[in-house]
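> Sequence first, then the predicted structure, then my questions.
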Amino acid sequence: MVRGLPLGAALGRRALQAALVAVLVGALCFALVRALPGDMAFRIAASRYGYDLVDAAAAAAVRAELGLDRPALAQLGAWLLALARGDLGVSLVSGDRVSAEIAHQLGASLLLAVAALLPAALLGPALGLWAGLRPGGAADRAGLVLAALLRALPAFAVGVGLMLLLASWLDWLPAGDDGTAAGLVLPAATLSLGLAASSSRVARDAVARAMAAPHYAFSRLKGLSAAQSVRRHVLRNAAVPVVSFLGLQLALLVEGVVVVESLFAWPGIGHALVHAVLARDVPMVQGTALVLALGFVALNALVDLAAALLDPRRRVLA
């Protein structure tokens, strides 16, 4: 037995956390969408039929059809009861099942997030390891400047720069999603550059701390070579913060790529969430936010588990 919660208790706590998240996210999204200015029925009708074809009669018909004039608590209670049955409802605009639409959109966002994370996970930690082995050296200083530059630039600016260079001037890649694998390159590169810059500094600091630790000095006193000491004592200790960082960044990539998805016309969940908010499509907003929140809880648990497997001092979930 070590410090922390047993595995079963930790998983039970995560399940309770997920249930609370579901209720809070659903209620908050419901309240925020209804608090937006404008006639909700009119915006839904406009999203269905187009602004030029909508009048007061069409808005009234939508209001009666969807029961938007019912008490707000009754509408929220009906959604929570349906959620308890595993039903996210139907879109107020398209009439399709919310779960089916989210599955399609989430798949596109996950593809983009993984395509951005994989090169960043390979390049960033490798550069960080190189810089961390020689703190204060030329590679370390150059990496710091490059990382600061890439992190200072917003994703929109990086994306526009890549689009101008590789799509407009050189005509090597499509400027947006064209249904082929080439359409994935620019949005993934836009996200990957900033992530690689951040992960390289996380890895650099972790490696530098591990090399300054007493166990590294002791391994050299035992007669191990520098390469053996790094392989046996530095890499595993440095991997814990890097894995934690990359795992949480995957969740943030899926949830926070609205700008990049919009810029490159990528049909992901962030872009769809913006349209759902504008259309006052409450079930889509609630379902999308719920899936993202629960995904973050699940991914956080997986990151904790991976850290426990890497670090022998943390064999249980905290």
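Noted; the coordinates are in hand.

> For the rest of this, base every contact and every neighbour count on C-alpha atoms.
Noted.

> Quick one, grab the pLDDT at residue 318.
Note on residue 318: pLDDT of 46.

> mind starting the numbering at 35 from now?
Fine by me, first position is 35 from now on; the one you just mentioned is residue 352.

> Help me confirm that residue 165 comes into contact with residue 177.
Yes - using C-alpha atoms under 8 Å, residue 165 is in contact with residue 177, at 7.3 Å.

> what about the two, which has more around it?
Shown here are residue 165 and residue 177; by other C-alpha atoms under 10 Å, residue 165 has more neighbours (26 against 21).

> who touches that one in this structure?
Residues in contact with residue 165, defined by C-alpha atoms under 8 Å, 6 or more residues apart in numbering, are 171, 173-174, 177, 238.

> cool, residue 72 as well?
Listed by C-alpha under 8 Å, 6+ apart, residue 72 has no contact partners.

> Look at it and tell me its secondary structure.
coil (DSSP: H, G, I helix; E, B strand; the rest coil).

> Against residue 160, how distant is it?
Using C-alpha to C-alpha, to the nearest Å, residue 72 is found at 51 Å from residue 160.

> go on, residue 207?
Separation of residue 207 from residue 160 (C-alpha to C-alpha): 27 Å.

> Can you pull the poorly scored residue ranges out of the stretch 85-234 of the chain?
For the stretch 85-234 of the chain, applying pLDDT under 70 flags the ranges 212.

> Which residue ranges of it form helices?
Along the stretch 85-234 of the chain, counting by DSSP state H, counting those that start in this stretch, helices occupy 90-100, 106-118, 132-167, 172-186, 189-196, 219-246.

> Out of these, the one nearest residue 321 is which?
Distance to residue 321, taken as C-alpha to C-alpha, is lowest for helix 132-167 among the helices of the stretch 85-234 of the chain, at 6.8 Å.

> What is the burial count for residue 65?
For residue 65, the tally of surrounding residues (other C-alpha under 10 Å) stands at 15.

> Local confidence estimate at it?
85.

> do you know how far it is from residue 297?
With C-alpha to C-alpha as the criterion, residue 65 and residue 297 are 29 Å apart.

> rewinding a little: which one of the helices of the stretch 85-234 of the chain lies nearest to residue 303?
helix 132-167 (4.7 Å).

> Report the distance from the closest one to the chain centre.
9 Å (C-alpha atoms, centre = their mean, to the nearest Å).

> If you compare the directions of that helix and helix 172-186, what angle comes out?
150 degrees (axes from the mean of the first three to the mean of the last three C-alpha atoms, to 10 degrees).

> which of the residues in helix 132-167 are buried?
Residues of helix 132-167 classed as buried: 132-133, 135-136, 139-140, 142-144, 146-151, 153-155, 157-167 (neighbour count, 16 or more other C-alpha atoms under 10 Å).

> cool, and stretch 50-61?
So, applying 16+ other C-alpha under 10 Å, buried residues of stretch 50-61: 52, 55-56, 59-61.

> for that stretch, what is the average pLDDT?
pLDDT averaged over stretch 50-61 gives 83.

> What of stretch 307-325?
pLDDT averaged over stretch 307-325 gives 85.

> likewise stretch 283-292?
Across stretch 283-292, the average pLDDT comes to 66.

> sorry, back to before: pipe the helices of the stretch 85-234 of the chain into JSON lines and attach distance to residue 45 per row.
As requested, the helices of the stretch 85-234 of the chain are arranged in JSON lines below (distance: least, C-alpha to C-alpha, whole Å):
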{"stretch": "helix 90-100", "distance to residue 45": "39"}
{"stretch": "helix 106-118", "distance to residue 45": "20"}
{"stretch": "helix 132-167", "distance to residue 45": "24"}
{"stretch": "helix 172-186", "distance to residue 45": "35"}
{"stretch": "helix 189-196", "distance to residue 45": "36"}
{"stretch": "helix 219-246", "distance to residue 45": "28"}
